[in-house]
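[1] no letters, just coordinates:
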């Protein structure tokens, strides 16, 4: 068991280093392109920090282990666990970072139009994801159609987000890189070449780390006597998603609420469309208790966020309630 835990810790470290490299390069790419914080947070940073969770289910479903059932359970758990983590625990952690300075009645106030757009797209797409669980496993045309719809939703989302960029830049929401490029700290210039090089290095390390993490989850599930599905729903998102959302903590503490929230809600849209599209096609995608509970809690958490966008920002106490929803989810799934 100690060996398995060491393997998971080592691969997690690789994943985190790779994500930091990738996200840092993406910020500089956004600054060079002159795009808005909304695009950088909701598209570039969100996709970059979502890559570990994206690669884990992809590599698992494409043959992560010799056990096809374990591969499917890891895939489904990682696909659905990430939006659950983002909409509940990640949001609450971000709120905890500012509760001391802003108070429970204080506000986290990202640029509203982008936040509403992200949440609307996610709720619509994830409702389709939930409904797809009741599609018969042998209804391949129907499942294929649902997957295509989810992909098209994300394409439409990116297009609309990019079109809104120019107006937001004019309003003072342009992207500014928070830190120097890591390669620049080694004496290299910050140029298109070094940005792309750092992006490539980050991606390569992400693939290697995700592959090792899959085997660690399989070993831990076997030794603990629990299903790979349950372990993947809980462990993989906490291990790969939550640490990366430290970016949102840093941003919100610096008053960059748009980047902070976009990093979370943009990842929710990405992982609520493209990954479920793959899961619907390559796994049984059925409403098991732990899966359906996670989906319902995710929709409830995202719906709560959407309701609270009506005022001038979201109250800190309202964001903390999303963390309570995650505790409820753990209680239901672990006790059932």
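    Great, that's in hand. All values reported here derive from a predicted model rather than from experimental measurement.

[2] how about the strands in the stretch 101-250 of the chain?
    Applying DSSP state E, counting those that start in this stretch to the stretch 101-250 of the chain gives strands spanning 107-108.

[3] helices of that one, start to end?
    Secondary structure of the stretch 101-250 of the chain (DSSP state H, counting those that start in this stretch): helices at 112-132, 140-163, 165-170, 192-224, 228-236, 246-253.

[4] looking at those helices, which has the lowest confidence?
    Lowest mean pLDDT of those: helix 165-170, a mean of 64.

[5] what about residue 264, distance to residue 157?
    15 Å (Cβ to Cβ, to the nearest Å). Backbone N, C-alpha and C define where each C-beta goes, glycine included.

[6] the more surrounded of these two?
    More crowded of residue 264 and residue 157, by other Cβ atoms under 10 Å: residue 264, with 28 against 23.

[7] what about the more buried one, which helix or strand?
    helix 257-271 (DSSP states H and E).

[8] for that helix, packing partners?
    helix 37-39, helix 46-61, helix 68-85, helix 91-102, strand 107-108, helix 112-132, helix 140-163, helix 246-253 (3 or more Cβ pairs under 8 Å, 6 or more residues apart in numbering; DSSP states H and E).

[9] could you check the angle helix 112-132 makes with it?
    Calculated by axes from the mean of the first three to the mean of the last three Cα atoms, to 10 degrees, helix 257-271 forms an angle of 20 degrees with helix 112-132.

[10] looking at the helices and strands packed on helix 257-271, which is closest to residue 13?
    Relative to residue 13, the nearest member of the helices and strands packed on helix 257-271 by Cβ to Cβ is helix 46-61, separated by 11.8 Å.

[11] next, work out how far apart the residue sitting nearest the centre point of the chain and residue 84 are.
    Centroid-nearest residue in the chain, with Cα atoms, centre = their mean: residue 267, separated by 4.1 Å. Separation of residue 267 from residue 84 (Cβ to Cβ) stands at 12 Å.

[12] residue 132 now?
    From residue 132 to residue 84 the distance is 17 Å (Cβ to Cβ).

[13] and what of residue 253?
    Taking Cβ to Cβ, one finds residue 253 at 25 Å from residue 84.

[14] which one of these two has more residues nearby?
    Taking other Cβ under 10 Å, residue 253 and residue 84 do not tie; residue 84 has more neighbours (28 against 14).

[15] show me the contacts for the more buried one.
    233, 237, 294-295, 297-298, 301, 326, 329 (Cβ atoms under 8 Å, 6 or more residues apart in numbering).

[16] okay, and which of those residues map to helices?
    When DSSP state H defines the helices, the subset of these inside them is 233, 294-295, 297-298, 301, 326, 329.

[17] can you name the two of these that sit furthest apart?
    The widest separation within the ones in helices among the contacts of residue 84 (Cβ to Cβ) is 14.8 Å, between 233 and 301.

[18] these two: who's more crowded?
    residue 233 (29 against 26).

[19] tell me where the stretch 1-150 of the chain is predicted with low confidence.
    Applying pLDDT under 70 to the stretch 1-150 of the chain flags residues 1, 36-38, 41, 48-53, 60, 62-68, 70.

[20] how close does the residue of the chain most remote from its centre sit to residue 180?
    Most distant residue from the mean C-alpha position of the chain: residue 187, 32.4 Å away (Cα atoms, centre = their mean). Residue 187 sits 11 Å away from residue 180, going by Cβ to Cβ.

[21] for stretch 288-295, list every residue counted as buried.
    288, 290-291, 293-295 (16 or more other Cβ atoms under 10 Å).

[22] which residue in those has the weakest pLDDT?
    At the low end of pLDDT for the buried residues of stretch 288-295 is residue 290, which has 80.

[23] buried set for stretch 81-98?
    81-95, 97-98.

[24] so how far is it from its chain's centroid?
    Counting by Cα atoms, centre = their mean, to the nearest Å, stretch 81-98 is centred 10 Å from the centre of its parent chain.

[25] again, but for stretch 189-198
    25 Å.
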